[in-house]
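**Student:** here's a sequence, model it:
(2 chains)
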Amino acid sequence: MKAIYILWFRQIKRYSRSKARIIGSLGQPLLFLVALGFGFGPIYTKAGGGNYIQFLAPGIIAMSILFTATFAGIEVLWDRQFGFLKEILVAPVSRVEIMIGRTLGGATVAVVQGVIVFCLSLIIGFHPTNLTLLPLALLYMGLIAIMFTALGTAIACVIEDMQGFQLIINFLIMPTFFLSGALFPMESLPKAVRFIAAINPLAYGVDALRGILVHGAHLGLITDFTVLTSAAVAIMVLGSYLFSRMQV
Amino acid sequence: MPDADSSTIISVTDLTKTFDGITAVDHITFSVKAGEIFAFLGPNGAGKSTTIKMLTTLLHPTGGTISMGGHDPADSPHKVRRTFGIVFQDPSLDEELTAYENMEYHGILYNVQKDKRRQRTKELLTIVELWDRRDDLVKNFSGGMKRRLEIARGLLHHPSILFLDEPTLGLDPQTRNLIWNYIRELNKSEGVTVFFTTHYMEEAERVAERIAIIDQGKIVIQGTPDELKSRTKSASLEDAFIGLTGRNIRTEEPSSLDRLRVRRKFFRKPGR
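**Tutor:** Have a look, this model is predicted:
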């Protein structure tokens, strides 16, 4: 447990010291909130969809978590390239503990980013319907973060190249984001696209956040929880296996 | 077969490692006694770092046996990992943390109790003259300071063996001299066995009690510095080394930092 704690704490410490990282990673969500929120807002309202910021904000919070969590895997590559991974791998700590510690660290950072984006969205005009449900929203944010941090770490275990990692991650997260229902409702889309959304775990995260922060979840919070937890556990198991096979 | 008496702390028999059909380490056999300063020398690409990686559980051997403090790395990797500290060829500190935090981090990973960890950290950072800089971020340290911190960190959990993979590479003569003085002092005061590699032959001759020279994956000679010079009829260890390994320049393996600049293969095979 101590090893998991110190691996988690290291990620938090590094994040808290990197002001550029904190500020820089808010640029994209803020741009999406402002440009899309105010740009498409009137059209969305005219079409009878209601307040677009209310619809968009949970999706952008999920996006912020998705990007931060998945890119947390790059720290494995940095640690490999700068030698620190060897220090961890020669320590008397199981590879599973290392995987859990790193994932929880990256996931915590991603949730913090999500909370900052949530606060920014309040400034822009987002009004959560029930603030007492915020702890529940944090739980779902945590599940999204764990799932995608584990995914990023698992990918970093099998890719040696920094640019290659970024290409693969972009290739994966862009469709994951656009087909999650974060920016537009999925109901009116063609059947094939809806099928892809149905197997996209982020869609369940967006649905849950929207359900908690704005109104009832379309897919149901229990379904969302089951899918997110199952996907997070499955990816953690895969990541632990790949990490255990890693040699430097 | 290496001597397997009670004073042997590292015992290696017929150790072999192949990568995609290329033999990096070829049936090597040697032993190191407890408290000894042992130099493992060889040209670039001879198999030194691969051997250290196998001894320290970072690589699985293709064949042969290893005993580290009486434990087999394949069967009891955690027990083996507790027996040694290591200073890698490339830096392995977290430069975004302070010197003290790097020590704390290491101590917690090795489950050193809090009060002992703090006492030992102060003691070691004082020895390597970094106590006053303990709260500075490592990224602001010079190469020599980082090396000294890595040595202190490697000794935090009271290991029986200290591996030093080219610990003085790229350092000025003053810092090199200082580092070897620390190592000899720690070897005497704590009885820690030192297993090191270096390309500086005069350092090996001055510091090592016994030396093994590896070339193209095979150990070509081992003994005390005087024995090596006498058996090769050489005036210095450097002459003996060149006489045994030749004058041809060897291909050097890229370091981790080199790999940042030079793209190698895209995907890495897990478990290699």
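**Student:** just the helices in chain A please.
**Tutor:** Using DSSP state H, the helices of chain A run over residues A:2-17, A:19-31, A:37-46, A:52-71, A:74-81, A:84-89, A:95-124, A:134-158, A:162-178, A:191-198, A:201-213, A:221-244.
**Student:** quick one: is the last one near chain B?
**Tutor:** Think helix A:221-244. Yes. Helix A:221-244 reaches chain B (Cβ under 8 Å from any Cβ of the partner chain) through A:L242. All C-beta spots, glycine's among them, are computed from the backbone N, C-alpha and C.
**Student:** and the angle from that helix to helix A:74-81?
**Tutor:** 10 degrees (axes from the mean of the first three to the mean of the last three Cα atoms, to 10 degrees).
**Student:** just how off-centre is stretch A:231-241 within its chain?
**Tutor:** Offset of stretch A:231-241 from its chain centre (Cα atoms, centre = their mean, to the nearest Å): 15 Å.
**Student:** and it, what's buried?
**Tutor:** Within stretch A:231-241, the residues that count as buried by 16 or more other Cβ atoms under 10 Å in any protein chain shown are A:A231, A:A232, A:I235, A:M236, A:L238, A:G239, A:S240.
**Student:** residues in contact with it: which ones?
**Tutor:** Stretch A:231-241 has contacts (Cβ atoms under 8 Å, 6 or more residues apart in numbering or on different chains) with A:95-96, A:99-100, A:103, A:143, A:146-147, A:150-151, A:153-154, A:157, A:201.
**Student:** can you tell me which of those residues lies nearest to B:G21?
**Tutor:** Distances from B:G21 to the contacts of stretch A:231-241, taken as Cβ to Cβ, are shortest for A:C157 (24.4 Å).
**Student:** low-confidence ranges, chain A, go.
**Tutor:** A:216-217 (pLDDT under 70).
**Student:** which parts of it sit against chain B?
**Tutor:** Counting by Cβ under 8 Å from any Cβ, chain A sits next to chain B at A:2-3, A:5-6, A:10, A:13-14, A:17-18, A:80-84, A:86-94, A:157-164, A:242, A:245-248.
**Student:** let's see it at 6 Å
**Tutor:** A:2-3, A:6, A:14, A:81, A:83-84, A:86-87, A:90-93, A:158, A:160-161, A:164, A:242, A:245, A:247-248 (Cβ under 6 Å from any Cβ of the partner chain).
**Student:** a markdown table for the buried residues of stretch A:231-241, including distance to B:L228?
**Tutor:** Shown next, in a markdown table, are the buried residues of stretch A:231-241 (distance: Cβ to Cβ, whole Å):
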| residue | distance to B:L228 |
| --- | --- |
| A:A231 | 60 |
| A:A232 | 58 |
| A:I235 | 54 |
| A:M236 | 52 |
| A:L238 | 51 |
| A:G239 | 48 |
| A:S240 | 47 |
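**Student:** now which of the residues of chain A next to chain B would you call buried?
**Tutor:** A:3, A:6, A:14, A:81, A:83-84, A:86-87, A:90-93, A:160-161, A:164, A:242, A:248.
**Student:** from memory B:K17 sits against B:A24, does it?
**Tutor:** Yes. Judged on Cβ atoms under 6 Å, B:K17 makes contact with B:A24 at a distance of 5.0 Å.
**Student:** coming back round to it: farthest pair within the buried residues of stretch A:231-241?
**Tutor:** Checking these with Cβ to Cβ, the most distant pair is A:A231 and A:S240, at 14.9 Å.
**Student:** anything in contact with each of B:K17 and B:A24?
**Tutor:** Common neighbours of B:K17 and B:A24, counting by Cβ atoms under 6 Å, 6 or more residues apart in numbering or on different chains, are B:T50.
**Student:** identify, from the contacts of stretch A:231-241, the entry nearest to chain B.
**Tutor:** Closest approach to chain B among these (Cβ to the nearest Cβ): A:C157, at 6.6 Å.
**Student:** wait, what's in contact with the closest one?
**Tutor:** A:L242, A:F243, A:M246.
**Student:** now B:E185
**Tutor:** Neighbours of B:E185 in contact, by Cβ under 6 Å, 6+ apart: none.
**Student:** what is the mean pLDDT for the helix or strand where it lies?
**Tutor:** For B:E185, the enclosing helix or strand under DSSP states H and E is helix B:173-190. Averaged across helix B:173-190, the pLDDT comes to 86.
**Student:** phi, psi for B:D72 please.
**Tutor:** When read as degrees, to the nearest 10, the backbone of B:D72 gives phi -90, psi 120.
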